[in-house]
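Enquirer: Task: produce atomic coordinates for the following.
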Amino acid sequence: MRITFQREGGVAFFPGLSKPVTIESDSLPSDEQAEIAQLIQQSAFFSQPEQVGTLSRGAADYIHYTVTVDDGPNSHTIRIVEPVQDVRLQELIAFLQAKARDTQRPAAATLSSHTEEHPHHQRAKGDADKG
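Expert: I've put the predicted structure just below:
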């Protein structure tokens, strides 16, 4: 199963920084594979309308999520607008947000480690310690 998840909107929303995250359930540990399958089933994902919740006129600050699930012959995309009323959809979104953070975190850690290892940054750090 392939799940694509994207968060958009909110007060501090920058469109260029909000990239979709793709989660391949086959690459998850078996307990998380079971959990995501259960969340999809319990939320009746494939029966949900294309949009859940409504955006009010001038509601640019509202957070909304776009979720696509491709599961063999089944493929469905829904847009979920906050506040999310359905508890099962809330649980699905919470799981997807956690997985999105997990996939984004290694890239940030790699960038951080490269910055610390760069000789220019080490020299600057050492100079700061002397003064």
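Enquirer: What is the burial count for Ile80?
Expert: Ile80 is flanked by 22 other residues according to other C-beta atoms under 10 Å. Bear in mind the C-beta positions are built from the backbone N, C-alpha and C, glycine included.
Enquirer: Which other helices and strands does whichever strand or helix holds it contact?
Expert: Here Ile80, judged by DSSP states H and E, is contained in strand 74-81. Strand 74-81 sits against strand 51-52, strand 64-71, with contacts defined as 3 or more C-beta pairs under 8 Å, 6 or more residues apart in numbering; DSSP states H and E.
Enquirer: Show me which residues of the last one are buried.
Expert: Translated: strand 64-71. Neighbour counts over strand 64-71 (16 or more other C-beta atoms under 10 Å) mark 64-65, 67, 69 as buried.
Enquirer: got a list of contacts for that strand?
Expert: Residues outside strand 64-71 that contact it (C-beta atoms under 8 Å, 6 or more residues apart in numbering): 1-9, 20, 40, 45-46, 53, 55, 75-82, 92-93, 96.
Enquirer: on that earlier part again, the strand holding Ile80 pairs with which strands?
Expert: strand 51-52 (parallel), strand 64-71 (antiparallel) (DSSP bridges).
Enquirer: Of the ones you listed, which is nearest Arg88?
Expert: Smallest distance to Arg88 across the strands paired with strand 74-81 (C-beta to C-beta): 11.0 Å, for strand 51-52.
Enquirer: same question for the closest one, mean pLDDT?
Expert: Strand 51-52 shows an average pLDDT of 94 in the prediction.
Enquirer: Next, please give the residue ranges for the helices of this protein.
Expert: According to DSSP state H, the chain carries its helices in the segments 30-42, 87-117, 119-130.
Enquirer: Comparing the ones you listed by mean pLDDT, which bottoms out?
Expert: Ranked by mean pLDDT, the helices of the chain bottom out at helix 119-130, which scores a mean of 46.
Enquirer: This completes my enquiry, with thanks.
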